[in-house]
Each structure stands twice: as structure tokens, then as C-alpha cells.
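# Sequence and predicted structure below; questions after.
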Amino acid sequence: MLKVRTAVLVSGGGTNLQAIIDAVGSGRIKSAEIALVASNKANAYALERAKNAGIPGFVFKDEAELLKKLKEDEIELIVLAGFLKILSADFIRHYENRIINVHPSLIPSFCGKGCYGLHVHEKALDYGVKVTGATVHFVNEIPDGGKIIYQKAVDIREDDTPETLQRRVMEEAEWILLPAAVERVSLQILKGEI
């Protein structure tokens, strides 16, 4: 079966990458193969996860170097999974409707520039919202501004800390939505809808 050649861009631990690797292994992702894991940080543990799964890893210094590698590897879909760098509009144009991102809140809440990682959960708790969650969306030139693919709500508990909330949002939303979105978008690519 034809599979969409996918690159996962990472900057840190790679828990969302692991969720994708596990979903490929279990057959929840049938239409995509992870052909490359690329990081802007040489010490990202996600690169170790890729190595353990037999997936080529790549460390890049700038977008030009990354773009060259993506072209060489015939990448058709890019997944941002804990990638802590804003891509330029010029880069995004090369992969229009072919880049997806997972964000740890219900967009449009707690998103945009500076809203990543634990900061998002701190903001949600400081604001006092009762529900947060995760969103998978297409990437455009506006940070967290692209069309939403999936969202899932997660209730906030009285005793939540940013760390406990982050973990629950990953387990209950991110690790479910991101693999589902990879499969959905890959199918659309295979059918020529994107």
C-alpha cells in the first residue's frame, strides 16, 4: 500500500513523536510512514526515540538546510510534535496544507507566539478556566492560526498544577488526536484531496 512519507519535527523529549510511532506500530496509522525525524536541537531526546524505532534522525541549523533534506527525502507531510520554533511564511509556502501541529489548548484560547509547553497550562490555571484540551491544526503563517483538524476537551481539576495538567492533556488529548490527524491528512493526500 502507498504511504505518505512523513517527517516529524521535534525540539524536546518526543512524547508526541512516540504516540505517532506507537500508532504506526498498532496500525492506527496505516496511510503514513515516518521517514524522518528532524530536530533543531542536537540533544533532543526525541532523536533517541527515533533511533530506537529505526527512523533516521537529522539535526539542522536553519530552514534552508531542513528544506533541502525534506526535498531529498521526498517528504509529503510534516508533523510538528513539540517543535519549539516558528516556521517562516516562505517555508510554509513550500508545504501548504501539508504541515500539521499539535497545540496543548483549545485554540483560540492560550495560543500564538510565546504560548508553548508548560506556559500554556500555567496560563489556563492562572485564568481559572474549567476546561482546556488540545488542538491539531494545519500550520499557516499565523502562529496557531491554521484551520483546525481536531480538538478534544480535558477538564481541569481543583488540585491541578501546570505539570499534572500538562500530563493529562497529553494522555487524554494530544496522544489521541495527533495520530488520528496524521492518518486523516495522509488519506487526504493519497486521495489527491490536498
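In hand now; what should we look at?
# ok, the nearest residue to residue 109 once chain neighbours are set aside to residue 143 distance?
Closest residue in space to residue 109, ignoring its immediate chain neighbours: residue 129 at 7.1 Å, by Cβ to Cβ, 6 or more residues apart in numbering. Glycine gets a C-beta too; all of them are placed from N, C-alpha and C. Residue 129 sits 20 Å away from residue 143 when distances are taken as Cβ to Cβ, to the nearest Å.
# Over to residue 77?
For residue 77, the distance to residue 143 - Cβ to Cβ - is 20 Å.
# These two: which is more packed in?
residue 77 (25 against 17; other Cβ atoms under 10 Å).
# so what's the spatially closest residue to that one that is not a sequence neighbour up against?
Using Cβ to Cβ, 6+ apart and skipping residues adjacent in sequence, the residue nearest residue 77 is residue 6, 4.5 Å away. Counting by Cβ atoms under 8 Å, 6 or more residues apart in numbering, residue 6 touches 32-36, 75-79, 182, 186.
# What is the nearest of those to residue 161?
residue 79 (28.3 Å; Cβ to Cβ).
# Apart from its neighbours in sequence, what residue is nearest the closest one?
Per Cβ to Cβ, 6+ apart, closest to residue 79 is residue 8, 4.7 Å.
# residues contacting that neighbour?
With Cβ under 8 Å, 6+ apart, residue 8 has these contacts: 17, 20, 34, 36-38, 46, 50, 78-79, 81.
# can we see that at 6 Å?
17, 34, 37, 79, 81 (Cβ atoms under 6 Å, 6 or more residues apart in numbering).
# would a markdown table of those with distance to residue 163 and neighbour count be doable?
What follows is the contacts of residue 8, written out as a markdown table (distance: Cβ to Cβ, whole Å; neighbours: other Cβ atoms under 10 Å):
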| residue | distance to residue 163 | neighbour count |
| --- | --- | --- |
| 17 | 20 | 29 |
| 34 | 28 | 23 |
| 37 | 25 | 29 |
| 79 | 25 | 29 |
| 81 | 19 | 24 |
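# Mind putting those residues into JSON lines with pLDDT, distance to residue 60 and secondary structure?
Shown next, in JSON lines, are the contacts of residue 8 (pLDDT from 0 to 100; distance: Cβ to Cβ, whole Å; DSSP: H, G, I helix; E, B strand; the rest coil):
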{"residue": "17", "pLDDT": "98", "distance to residue 60": "16", "secondary structure": "helix"}
{"residue": "34", "pLDDT": "98", "distance to residue 60": "17", "secondary structure": "strand"}
{"residue": "37", "pLDDT": "98", "distance to residue 60": "11", "secondary structure": "strand"}
{"residue": "79", "pLDDT": "98", "distance to residue 60": "16", "secondary structure": "strand"}
{"residue": "81", "pLDDT": "96", "distance to residue 60": "16", "secondary structure": "coil"}
